[in-house]
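Trainee: Model the following, please.
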Amino acid sequence: MHSSPALSILFRPDLHVLIVRWLREISQHELQQGYQEALATARHHGATCWLVDSRRRALSDEQMADWLATSFLPTLSQDLGSVVYVACLVSATWQDTGGPAAPLVALAQRQPLPTQGYHLQLFGDEGTAMQWLHRVCTPTVTNSAP
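Mentor: Presented below is the predicted three-dimensional model:
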């Protein structure tokens, strides 16, 4: 487990989920540093299912969302050797209100490309986010008759 005033990173081996919790508003530098720390932890555990809790941050920032979209998220599948699923918990101020989309909302609304290597979904409820991660990250077990 990693913890700082801005960030908590925990790998749950029972769920095989990396949990990244932003604990306060952050700068661009803190965002980049924090996600690099999360990636190092994910590499160590082979975690390709992430729960990112951004609820303690009031608003998304266009520059931060752009860095995630162009520099960080596209490299995850190469770094981790598999498609990465990111469930992002957001406060109500980030959710789609029918007006101009907040940057993180716009990022999540993009249609994933087949070669993108990651899937990002926004949630307002942690239970629903974990259900989605469980559904998309749990390998399908096939029954084969002997």
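Trainee: Which pLDDT does the model give the residue most central in space within the chain?
Mentor: Closest to where the C-alpha atoms of the chain average out (CA atoms, centre = their mean) is Val86, at 3.2 Å. What the model reports as pLDDT for Val86 is 93.
Trainee: I'd like to know how far it sits from Asp14.
Mentor: Distance from Val86 to Asp14, counting by CB to CB, to the nearest Å: 19 Å. No exception for glycine: its C-beta is placed from N, CA and C like everyone else's.
Trainee: If you count neighbours, what's buried in the helix or strand that contains Ser77?
Mentor: Assigned by DSSP states H and E, Ser77 belongs to helix 73-80. For helix 73-80, the neighbour count (16 or more other CB atoms under 10 Å) marks Leu73, Leu76, Ser77, Leu80 as buried.
Trainee: The very next helix or strand once past that helix versus helix 73-80: what angle between them?
Mentor: Later in the chain than helix 73-80, the nearest helix or strand by DSSP H and E is strand 84-89. Here the directions of strand 84-89 and helix 73-80 differ by 130 degrees (axes from the mean of the first three to the mean of the last three CA atoms, to 10 degrees).
Trainee: Alpha carbons only: can I get strand 84-89 in CSV?
Mentor: C-alpha atoms of strand 84-89 as CSV (Å, rounded to 0.1, in the frame of the first residue of the first chain):
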residue,chain,number,x,y,z
VAL,A,84,-6.8,-2.3,-18.9
TYR,A,85,-10.2,-1.6,-17.4
VAL,A,86,-10.5,1.6,-15.4
ALA,A,87,-13.6,2.3,-13.3
CYS,A,88,-13.5,6.0,-12.3
LEU,A,89,-15.6,7.1,-9.4
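Trainee: Kindly spell out which helices and strands sit in contact with it.
Mentor: strand 49-53, helix 73-80, strand 118-123, helix 126-137 (3 or more CB pairs under 8 Å, 6 or more residues apart in numbering; DSSP states H and E).
Trainee: neighbouring strands for it, and are they parallel or not?
Mentor: strand 49-53 (parallel), strand 118-123 (parallel) (DSSP bridges).
Trainee: chain center to the longest one: distance?
Mentor: Put simply, strand 118-123 sits 7 Å off its chain's centre (CA atoms, centre = their mean, to the nearest Å).
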